[in-house]
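K.L.:
Need the 3D shape of this:
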Amino acid sequence: MHVHQRRAAVLGHPVAHSLSPVLHTAAYRALGLDGWEYGMHDVTEGALEGFLRDVDAGWAGLSLTMPLKQVVIPLLDHVDPLAEAVGAVNTVLFSAVGGAGRGTGRSAGRDAVITTGTNTDVHGLVAALREGLGARGVAEAVILGGGATAASALAAVAELGCVSPRVFVRSLDRIGPLREAVARMGVSPSFEVFDERATTSALAAADAVVSTTPKYAADQWAPLLTELLTTAGEKPRGVLLDVVYDPRPTALQSAWSALGADAVGGERMLLHQAADQVRLMTGRTAPLDAMDHALRAALTDRAR
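P.N.:
Alright, predicted model coming up:
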């Protein structure tokens, strides 16, 4: 299948580290979408509205990374229910309609581009966790961190069976958006401040743990977890997913695996959320194997 002049890109600030171009370009090649191209643009919060205004009918969609996942919402024509509940959009889809329209402030006589926001992070989290869980369900879950990805993690563990996870954060005063997302989703987590023994014990006892903290922020739990469980002669009960994929593996992931438990790297979430974006933007089933191969090669090159 040959498709001409279709564009997509990842936006964020900073964005140079993103592997989205690797994943999407690999998908286009495998699908034979020769006319499709996927770019990368460093876009700040203040510049996002202008970027969207300049989009034309040749665009298929955007992948959004931080800090744009929440600020984009009021700039869109439509937001799907999941993204609205989570309070984070990581994917923008474009559809052209004849005549002028509100979407991107297009002038009269030109095609209007209607913007729709969705969230594939939840799909990515669920799919990555299932790689480690297999057929097991999730009765107890722990989430580390209180940002936008934590809201997606709440939706993910709820889909897997746990609507009352424990969420550990640095400060209860800084999770207003997460509390609002909780109210929209109808889940009932408990919020707790990081504490060495309570947090470490909770990690060990959960069926699923999702660390959504920035790189290195969860490293402190690695030696504590190792000490606690080695002394007790135990291993973690559940599956760990650390959304950080650079460095890879993280200290927490390495400690978890060394204790004999299942750990899933953040690159698996990255792969699955990108695959869902490809499906949404192209209308084709994503070539997961080709994308996975390209991602592994890119991560190996980056580690050299």
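
K.L.:
Residue ranges in this structure under the pLDDT threshold?
P.N.:
Scanning the chain for pLDDT under 70 picks out 1-4, 98-111.

K.L.:
Tell me where it has helices.
P.N.:
20-31, 48-53, 81-86, 121-133, 148-159, 176-185, 196-205, 221-232, 251-258, 266-282, 288-303 (DSSP state H).

K.L.:
Tell me which of these is the most buried.
P.N.:
helix 148-159 (a mean of 27; mean count of other Cβ atoms under 10 Å). From N, CA and C alone the C-beta is placed, and that goes for glycine too.

K.L.:
on that earlier part again, need the helices of the chain in JSON lines (columns: distance to R6).
P.N.:
Below are these laid out as JSON lines (distance: least, Cβ to Cβ, whole Å):
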{"stretch": "helix 20-31", "distance to R6": "9"}
{"stretch": "helix 48-53", "distance to R6": "17"}
{"stretch": "helix 81-86", "distance to R6": "23"}
{"stretch": "helix 121-133", "distance to R6": "22"}
{"stretch": "helix 148-159", "distance to R6": "27"}
{"stretch": "helix 176-185", "distance to R6": "33"}
{"stretch": "helix 196-205", "distance to R6": "44"}
{"stretch": "helix 221-232", "distance to R6": "44"}
{"stretch": "helix 251-258", "distance to R6": "37"}
{"stretch": "helix 266-282", "distance to R6": "8"}
{"stretch": "helix 288-303", "distance to R6": "18"}
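
K.L.:
mind checking which of those is nearest Q5?
P.N.:
Of all the helices of the chain, helix 20-31 sits nearest to Q5, with 12.8 Å by Cβ to Cβ.

K.L.:
Tell me which of the helices of the chain lies nearest to T65.
P.N.:
Nearest of the helices of the chain (Cβ to Cβ): helix 20-31, 7.8 Å.

K.L.:
who's in contact with that closest one?
P.N.:
Here helix 20-31 makes contact (Cβ atoms under 8 Å, 6 or more residues apart in numbering) with 1, 8, 10, 33-34, 36-40, 63, 65, 270-271, 274-275, 277-278, 282, 284, 286-287, 290-291, 293-295, 298.

K.L.:
do the same with stretch 295-304
P.N.:
With contact meaning Cβ under 8 Å, 6+ apart, stretch 295-304 is reached by 19, 22-23, 26, 245-246, 248, 267, 270-271.

K.L.:
quick one: which of those is nearest E180?
P.N.:
Nearest member of those to E180, counting by Cβ to Cβ, is L270, at 26.2 Å.

K.L.:
now the closest residue to H17 other than its chain neighbours: how far from A290?
P.N.:
Take H17 and drop its neighbours on the chain: the residue closest to it by Cβ to Cβ, 6 or more residues apart in numbering is D246, 6.8 Å away. For D246, the distance to A290 equals 22 Å [Cβ to Cβ, to the nearest Å].

K.L.:
what about T212, how many neighbours?
P.N.:
By other Cβ atoms under 10 Å, 26 other residues sit near T212.

K.L.:
could we number from 2 for the rest of this?
P.N.:
Let's use 2 as the start, then, which means that last one is T213.

K.L.:
Does it touch V143 like I think?
P.N.:
No: counting by Cβ atoms under 8 Å, T213 does not reach V143; the two are 10.9 Å apart.

K.L.:
Appreciated, that's everything.
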